[in-house]
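Visitor: from the sequence below, what's the structure:
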Amino acid sequence: MRKTLASGSKRLGISLRKVAMLGVAIFLSVVPAATASAGEKELGKADLACLKCHDKKAPEQPLSKQTDDGKTMSLHISTDAFVASMHGETSCEDCHSDLDAKTHGKEKSSIKSKRAFSLSMKDSCTECHKKKVKEFQDSVHAAMAKAGSDKAPVCADCHNPHTLLSVKVAQPMKETPCARCHEDIYKAYADDVHGKLRATKGKEAPICADCHRAHDIKAASLGDGVKNTCIGCHKEAVKEHQDWLPNTERHFEAISCPACHAPTAHRRVNLRLYDANTNKQKAEKTGVPLFKKRTDAADAAGEGLDERALWGLLKEFNEDGTGGKAVLRGRLEVRTGVEAHQMTEKSKAIKDCNTCHKDGAEAFQSVSLTIAGPDGRPLRHGVQKEVLSSLTSMESVRGFYAIGSTRIKLLDILLVLVVVGSILGPLAHMTVKWYSLRVRAKLAAEQAALAAAQAEAPATPAGSTAADSGPGSGGSAAS
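Guide: Numbering: from 1, shown residues only. Down below sits the predicted model:
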């Protein structure tokens, strides 16, 4: 009996230990779960009611709506994604205040198009994001929207309001919103040195918004914004280039980074219209297309502006009543935005001076005149390449000269004459001086000899003549 009890007690003890361990395990698993549950965002009854319809699970069909333009607009919203988003604590009614919960979904309504709906919702974003909206208003995208472009992005085109995550969360490159509109440029970026670095190092490497900003985006061709961004990351760039590149600062001013760091790209000389008084790039005014009107008139044959036409255009812009002084500033750059995003590692960048500094260099075969459009994007017109080497256009294209490439033949002749003159002049002067010294030395020697001869001759008595001392004088005395 005692043995039986001991045996039973032993078995019971083992069971109790197992039960105790199981209880501890359950407790430890429940506590984190309870903590996580406490930290989760909670949805209100009204929001849950919205998501009950908008987050239908299979086999039910996801909610959608046929728009007036004949397209299907998805109305599906994932509850999990919404709760995890930056708007997870925002109530549906905060953004959709125009909807009546009593009639919503019960009465028939129409949506003109998906874009029309996005435009109607942008004011909801303004309520909370005033600072970002203000930045956006000064961007190239906002200018496109004001001009009526149906391609201009609005808030929801870049930020899905129901799945928006913090910018601190590294998103896959393929989900970059810019890629939806700028597909060709994104593909080029994904395969260049920055894209490859982004794929391996994540947020340590730059992506679209790091160079072009997120909301106050300016046209890449406008001013020096992009160049300054490059130097902002590559702080040692100027110093490193000074080790081998003569006149480094001038090169940085007149050459875009991709012109050398995208070695397979095609290049051109871009003559940008600037106001010399304000030091800002000239821009076309909305509704006043002077640039196209003037360039078309000056280049009726469509062969590109020559030096006379270019000089005449500058004169017109200087007399248009704005009070500014129009000048041209040349810049060597790649021809397309795609090529600007084909950057390679610095070991493959162009370092051969002859690429540009030789007669007939490829980069100087294409020339264009540029002014900023009303939205900041460039308006261009072709220019004959001979303008860069014409003496009559020196005033027009001043500030852009590449030794060995934009050669002005007449100036070369004048330079040769100056060089020859600077050499022959001193030689002629030295020759004349040497000959003059010889002549003066000879004259001085002759004068010295004459003076010596005169000093050695006997003195003649006063009142006598040369005949008195001659041979005949003796005969006379004898007689």
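Visitor: the residue lying closest to residue 368 once chain neighbours are set aside: which element?
Guide: Once flanking residues are discounted, residue 368 sits nearest to residue 380: 4.7 Å by C-beta to C-beta, 6 or more residues apart in numbering. Just so you know, the C-beta spots here come from the backbone N, C-alpha and C atoms, and that holds for glycine as well. Here residue 380 is covered by strand 378-383, with elements defined by DSSP states H and E.
Visitor: hey, what's the residue nearest to residue 368 bridged with?
Guide: Bridge pairing for residue 380 (DSSP bridges) gives the partners residue 370.
Visitor: pretty sure it contacts residue 370?
Guide: Yes. If you go by C-beta atoms under 8 Å, residue 380 and residue 370 touch, sitting 5.2 Å apart.
Visitor: so where's the stretch 351-479 of the chain shaky on pLDDT?
Guide: For the stretch 351-479 of the chain, the stretches flagged by pLDDT under 70 are 393-396, 398-399, 404, 406-412, 415, 458-479.
Visitor: if we go to 80?
Guide: For the stretch 351-479 of the chain, applying pLDDT under 80 flags the ranges 390-416, 456-479.
Visitor: which residues of it fall in strands?
Guide: Ranges of strands in the stretch 351-479 of the chain, per DSSP state E, counting those that start in this stretch, are 367-372, 378-383.
Visitor: which residues touch the first one?
Guide: Outside strand 367-372, the residues within contact range by C-beta atoms under 8 Å, 6 or more residues apart in numbering are 219, 221-222, 268-273, 281-284, 291, 295, 304-305, 310, 313, 328, 378-385, 387-388.
Visitor: and residue 402, how many neighbours does it have?
Guide: Neighbours of residue 402 under the rule other C-beta atoms under 10 Å: 19.
Visitor: elements contacting the strand holding residue 380?
Guide: helix 290-298, strand 367-372 (3 or more C-beta pairs under 8 Å, 6 or more residues apart in numbering; DSSP states H and E).
Visitor: which one of these lies closest to residue 253?
Guide: Closest approach to residue 253 among those (C-beta to C-beta): strand 367-372, 16.4 Å.
Visitor: distance between the closest one and the chain's centre?
Guide: 15 Å (C-alpha atoms, centre = their mean, to the nearest Å).
Visitor: on that earlier part again, tell me which of the strands of the stretch 351-479 of the chain sits most buried.
Guide: strand 367-372 (a mean of 22; mean count of other C-beta atoms under 10 Å).
Visitor: report the inter-axis angle for that one versus strand 378-383.
Guide: Here strand 367-372 runs at an angle of 150 degrees relative to strand 378-383 (axes from the mean of the first three to the mean of the last three C-alpha atoms, to 10 degrees).
Visitor: quick one on the thing from earlier: of the helices and strands packed on strand 378-383, which is nearest residue 135?
Guide: Going by C-beta to C-beta, the one of the helices and strands packed on strand 378-383 nearest residue 135 is strand 367-372, 19.3 Å.
Visitor: low-scoring stretches of this protein, by residue?
Guide: 1-42, 57-59, 101, 170, 286-288, 320-324, 390-416, 456-479.
Visitor: circling back to that earlier point, the strand holding residue 380 vs helix 290-298, what angle?
Guide: 10 degrees.
Visitor: run the chain-centre distance for strand 378-383.
Guide: With C-alpha atoms, centre = their mean, you get 17 Å for strand 378-383.
Visitor: could you dump the helices and strands packed on strand 378-383 to TSV with distance to residue 138?
Guide: Shown next, in TSV, are these (distance: least, C-beta to C-beta, whole Å):
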stretch	distance to residue 138
helix 290-298	22
strand 367-372	14
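Visitor: out of those, nearest to residue 103?
Guide: Set against residue 103 and scored by C-beta to C-beta, the helices and strands packed on strand 378-383 come closest in strand 367-372, at 49.2 Å.
Visitor: ok, so what distance separates residue 445 from residue 87?
Guide: According to C-beta to C-beta, to the nearest Å, residue 445 stands 110 Å off from residue 87.
Visitor: more neighbours, these two?
Guide: residue 87 (18 against 10).
Visitor: check contacts around the more buried one.
Guide: For residue 87, counting by C-beta under 8 Å, 6+ apart, the contacting residues are 95, 161-162, 164.
Visitor: what's the most distant pair in those?
Guide: Distance extremes for these: the farthest pair is 95 and 164 at 11.9 Å, using C-beta to C-beta.
Visitor: tell me which element the most centrally placed residue in the chain falls in.
Guide: Nearest to the mean C-alpha position of the chain, by C-alpha atoms, centre = their mean, lies residue 226 at 3.1 Å. Secondary structure assignment for residue 226, by DSSP H and E: helix 225-233.
Visitor: what number of residues lie near residue 122?
Guide: 14.
Visitor: chain center to the stretch of helix or strand it belongs to: distance?
Guide: Residue 122 is part of helix 114-128, with elements assigned from DSSP H and E. Centre-to-centre, helix 114-128 and its host chain are 31 Å apart (C-alpha atoms, centre = their mean).
Visitor: could you export it as PDB, CA atoms only?
Guide: Extracted in PDB, the C-alpha atoms of helix 114-128 (Å, rounded to 0.1, in the frame of the first residue of the first chain):
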ATOM      1  CA  LYS A 114     -10.900  57.700 -61.200                       C
ATOM      2  CA  ARG A 115      -8.900  60.900 -61.700                       C
ATOM      3  CA  ALA A 116     -11.900  63.100 -61.100                       C
ATOM      4  CA  PHE A 117     -12.400  61.300 -57.800                       C
ATOM      5  CA  SER A 118      -8.700  61.700 -56.800                       C
ATOM      6  CA  LEU A 119      -9.000  65.500 -57.600                       C
ATOM      7  CA  SER A 120     -12.100  65.800 -55.500                       C
ATOM      8  CA  MET A 121     -10.300  64.200 -52.500                       C
ATOM      9  CA  LYS A 122      -7.200  66.300 -52.600                       C
ATOM     10  CA  ASP A 123      -8.700  68.900 -50.200                       C
ATOM     11  CA  SER A 124      -8.900  66.200 -47.600                       C
ATOM     12  CA  CYS A 125      -5.200  65.900 -47.700                       C
ATOM     13  CA  THR A 126      -4.800  69.700 -47.300                       C
ATOM     14  CA  GLU A 127      -6.600  69.600 -43.900                       C
ATOM     15  CA  CYS A 128      -3.800  67.700 -42.200                       C
END
